[in-house]
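[1] The sequence and its predicted three-dimensional model are supplied below.
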Amino acid sequence: EKWGLEQYPSVRHSLIRIAQCATAVLLYCSSVQMAFFCAIAVSYIVTLLHASLRKLSPLKQSTRPDGSKWFQQNKHRS
């Protein structure tokens, strides 16, 4: 390293902790954590909504050669 911090591991760890604390204070003051939480919450809600709508999708109705009808599951449904 150009600063020679490998010789002083305690200084290196202290600088890392100071940088982490400064980052936490900056995020707290700028309300980034609230925006991040809202983005995760919206993503989770959309995922749940998508999964519930997939379960509500109708099955395909097909006709057999003898004229009787039967239900075929959609290829994309799991």
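    On my side now, so go ahead.

[2] Can you show me the helices along the protein?
    9-30, 32-56 (DSSP state H).

[3] In a markdown table: those, plus mean pLDDT.
    Formatted as a markdown table, those follow (pLDDT from 0 to 100):
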| stretch | mean pLDDT |
| --- | --- |
| helix 9-30 | 84 |
| helix 32-56 | 84 |
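
[4] Reformat these as JSON lines; add mean neighbour count.
    Bear in mind the C-beta positions are built from the backbone N, C-alpha and C, glycine included. Converted to JSON lines, these look like this (neighbours: other C-beta atoms under 10 Å):
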{"stretch": "helix 9-30", "mean neighbour count": "11"}
{"stretch": "helix 32-56", "mean neighbour count": "10"}
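
[5] count of residues packed around residue 8?
    Neighbours of residue 8 under the rule other C-beta atoms under 10 Å: 12.

[6] and the gap between it and residue 39?
    39 Å (C-beta to C-beta, to the nearest Å).

[7] Same question for residue 25.
    Per C-beta to C-beta, residue 25 is found 21 Å from residue 39.

[8] next one: residue 9
    37 Å.

[9] Check residue 27 too.
    Using C-beta to C-beta, residue 27 is found at 14 Å from residue 39.

[10] Same check on residue 4?
    Distance from residue 4 to residue 39, by C-beta to C-beta: 41 Å.

[11] now swap in residue 52 and tell me
    Distance, residue 52 to residue 39, by C-beta to C-beta: 21 Å.

[12] go on, residue 46?
    From residue 46 to residue 39 the distance is 11 Å (C-beta to C-beta).
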